[in-house]
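>>> Below are the sequence and a predicted model; questions follow.
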There are 2 protein chains.
Amino acid sequence: MTLPPPRTGYQAPPDLLARRARMPDAWSEAMLEPGTSGRNRVIGGVACLVCEPATQLGTILYLHGGGYRMGSPAAWANFASRLAAATMCRIVVPDYRLAPEHPFPAALIDALSVYRALVVTDRAPPFVGGDSAGGGLACALTLASGQAGLDLPQKAILLSPWVDLTVTNASYESRKSDLFFPRESAQEAANLYLQGHDARDPLASPINGDLDGFPDTLIFASSDECLIGDAQAFQARLAEARVPVETHIVPGMTHVWPVIAPALPESEAALNTIGNFIRTG
Amino acid sequence: MTLPPPRTGYQAPPDLLARRARMPDAWSEAMLEPGTSGRNRVIGGVACLVCEPATQLGTILYLHGGGYRMGSPAAWANFASRLAAATMCRIVVPDYRLAPEHPFPAALIDALSVYRALVVTDRAPPFVGGDSAGGGLACALTLASGQAGLDLPQKAILLSPWVDLTVTNASYESRKSDLFFPRESAQEAANLYLQGHDARDPLASPINGDLDGFPDTLIFASSDECLIGDAQAFQARLAEARVPVETHIVPGMTHVWPVIAPALPESEAALNTIGNFIRTG
């Protein structure tokens, strides 16, 4: 598989720069769950945050959300450490390049580069996971790893995954109360990432991918978010491809609640479920 | 709520009588999981099998499958005892009346009568569960319990539930390899149960019910069975009603595999998941 080089020359609009500036640009020990540690490491040529629990059962390559246009390992450090504690896995969060400065497939190239390095050094494929755009990217990475002749990830964990960049699922209309990632945000993010590339490309919209052989998948979505339509459609495609899939639909939650609302019992429940999913089967 | 009295005078065709005769007509201790016990008890005027583990955390009113036209507590005794062991709950399996001799709503009247008795004697609503037609009946019972002014069940456990007696979901076509409960069987069973009653009645096809306030629900279905369409549609309706729902879609399984294939690891996994679902949240 050869991915085309991402084009260059795009500039982020001022409001996006301002939104990025409101996120933490560095992590600190104080952000981490007790019993876990963090390090910055370059893996496969990409800067990564690595969060580690005391005992490690495996590795999760975790891709942060932010619509391919925002987000960073620093801003996800607290979640990564909670995920490390819940799963007893090393969590690797790549600082993949963002759109619009680096449009499709820059993020995927970076994710695949980290994945390839982990497969080599660990002598086993990692688990993959991600939220929102990161969930879609985790799925695109899974498709790309197969096309690159690598072993596929052991399992996939998808939190409110964004897997259809055509932004056409019916829930954008029926869940208009979702102010976190409504149609307008999704369309803006898709435009910045795709820069005219076909939104139906399976490596941008893995809902359109060949899902034969896709690993066991755990999906979370809220009843009240626009991306529930993406979650249900992806579950149906996985079922058609005879992939084991476990889906938890939780009412009253915001988009990607386990990441952004650590104090909610529903977030703790999600992390427990992820831990069980990693450890069983 | 008043349910109309079921009509009488229908006779089972000879091939159905023959199929019923091939099922066990009595249970024995040898069928039960070690550490559980069984008793026949009349509850709410309906004969029931009661399976009990040594320690009891609650009660599950469990409705057996068989397309409303076959099946019995005796034939489900082994599954009921495995469910008792996995959930640490008392399992109550009513011998509800079967079609065509007793068409809609006879089964529902019997289920509701047992439910009402359990609510009174336990001073708390039970969990409900069921497989195939029994899963649909568990949902209809949940709707009927609300209409009758009773507390709703604590949670619902649905194995390959049959919730749409119009027999129109697209999976009847796309999963033609399902020889266990294909369209022809579903249509025959629906005809025998409904005897001309409207298949869209929510108490026969709970997919059409008002699901507001429906309890937390766990659904299992196989990627390869016709009723996966019913499972996915019911999940979507629950999500619209803001009901927490957890769905496990497992490839390569027959309809209602946890009931009929005890030796499969996928059956053991399902029972473990049901146990966790009962105990948490």
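Thanks, I have the structure now. Residues are numbered from 1 along each chain as shown, chains lettered A, B, ... in the order given.
>>> wouldn't A:Ser160 be in contact with A:Gly135 here?
Yes: applying Cβ atoms under 8 Å as the test, A:Ser160 and A:Gly135 come out as touching, 6.6 Å apart. In short, each C-beta sits where N, CA and C put it, glycine included.
>>> Need the overlap of contacts for the two.
Taking Cβ atoms under 8 Å, 6 or more residues apart in numbering or on different chains as the criterion, A:Ser160 and A:Gly135 both touch A:Gly65.
>>> For the residue lying closest to A:Thr254 once chain neighbours are set aside, list the residues it contacts.
The shortest distance from A:Thr254 to any non-neighbouring residue, by Cβ to Cβ, 6 or more residues apart in numbering or on different chains, is to A:Phe180 (5.2 Å). For A:Phe180, the contacting residues are A:225, A:254-256, by Cβ under 8 Å, 6+ apart.
>>> The same query, at a cut-off of 10 Å, please.
Contacts for A:Phe180 (Cβ atoms under 10 Å, 6 or more residues apart in numbering or on different chains) come out as A:132, A:160, A:222, A:224-227, A:254-257, A:260.
>>> Same check on A:Glu29?
A:Glu29 makes contact with A:36-38, A:77, A:81, according to Cβ under 10 Å, 6+ apart.
>>> mind redoing it with 8 Å?
By Cβ under 8 Å, 6+ apart, the residues touching A:Glu29 are A:Gly38.
>>> What sits closest to A:Val275 if chain neighbours are left out?
Careful, residue A:275 is Gly and not Val. Nearest non-adjacent residue to A:Gly275, counting by Cβ to Cβ, 6+ apart: A:Ala86, 4.4 Å away.
>>> A:His255 now?
A:Phe180 (4.2 Å).
>>> hang on, the earlier thing: the residue nearest to A:Gly275 belongs to a helix?
Yes: under DSSP: H, G, I helix; E, B strand; the rest coil, A:Ala86 falls within a helix.
>>> surely it meets A:Leu271?
Yes: counting by Cβ under 8 Å, A:Ala86 touches A:Leu271, with 3.9 Å between them.
>>> More neighbours: which of the two?
A:Ala86 (21 against 18; other Cβ atoms under 10 Å in any protein chain shown).
>>> What residues does the more buried one make contact with?
Going by Cβ under 8 Å, 6+ apart, A:Ala86 touches A:271-272, A:274-275.
>>> Quick one: buried ones out of those residues?
Neighbour-count burial (16 or more other Cβ atoms under 10 Å in any protein chain shown) applied to the contacts of A:Ala86 gives A:271, A:274-275.
>>> And the helices in the stretch 51-200 of chain A?
For the stretch 51-200 of chain A, the helices defined by DSSP state H, counting those that start in this stretch occupy A:77-87, A:106-122, A:133-147, A:171-174, A:183-194.
>>> Mean neighbour count, those helices: which tops it?
Stretch with highest mean neighbour count among the helices of the stretch 51-200 of chain A: helix A:133-147 (a mean of 26; mean count of other Cβ atoms under 10 Å in any protein chain shown).
>>> Can you name every helix or strand that that one contacts?
Applying 3 or more Cβ pairs under 8 Å, 6 or more residues apart in numbering or on different chains; DSSP states H and E, one finds that helix A:133-147 contacts strand A:58-63, helix A:106-122, strand A:127-131, strand A:155-159.
>>> at 10 Å what do you get?
Here helix A:133-147 touches strand A:58-63, strand A:89-94, helix A:106-122, strand A:127-131, strand A:155-159, helix A:183-194, strand A:216-222, helix A:228-240, going by 3 or more Cβ pairs under 10 Å, 6 or more residues apart in numbering or on different chains; DSSP states H and E.
>>> and that helix, what's its mean pLDDT?
Helix A:133-147 comes out with an average pLDDT of 98.
>>> Just the C-alphas of it, formatted as PDB.
C-alpha atoms of helix A:133-147 as PDB (Å, rounded to 0.1, in the frame of the first residue of the first chain):
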ATOM      1  CA  ALA A 133     -11.800  11.400  14.900                       C
ATOM      2  CA  GLY A 134      -9.200   9.300  16.800                       C
ATOM      3  CA  GLY A 135     -11.700   6.400  16.700                       C
ATOM      4  CA  GLY A 136     -12.100   6.800  12.900                       C
ATOM      5  CA  LEU A 137      -8.300   7.000  12.600                       C
ATOM      6  CA  ALA A 138      -7.900   3.800  14.700                       C
ATOM      7  CA  CYS A 139     -10.200   2.100  12.200                       C
ATOM      8  CA  ALA A 140      -8.300   3.600   9.200                       C
ATOM      9  CA  LEU A 141      -5.100   2.500  10.800                       C
ATOM     10  CA  THR A 142      -6.500  -1.100  11.100                       C
ATOM     11  CA  LEU A 143      -7.400  -1.100   7.500                       C
ATOM     12  CA  ALA A 144      -4.000   0.400   6.500                       C
ATOM     13  CA  SER A 145      -2.100  -2.100   8.600                       C
ATOM     14  CA  GLY A 146      -3.600  -5.000   6.700                       C
ATOM     15  CA  GLN A 147      -2.900  -3.300   3.400                       C
END
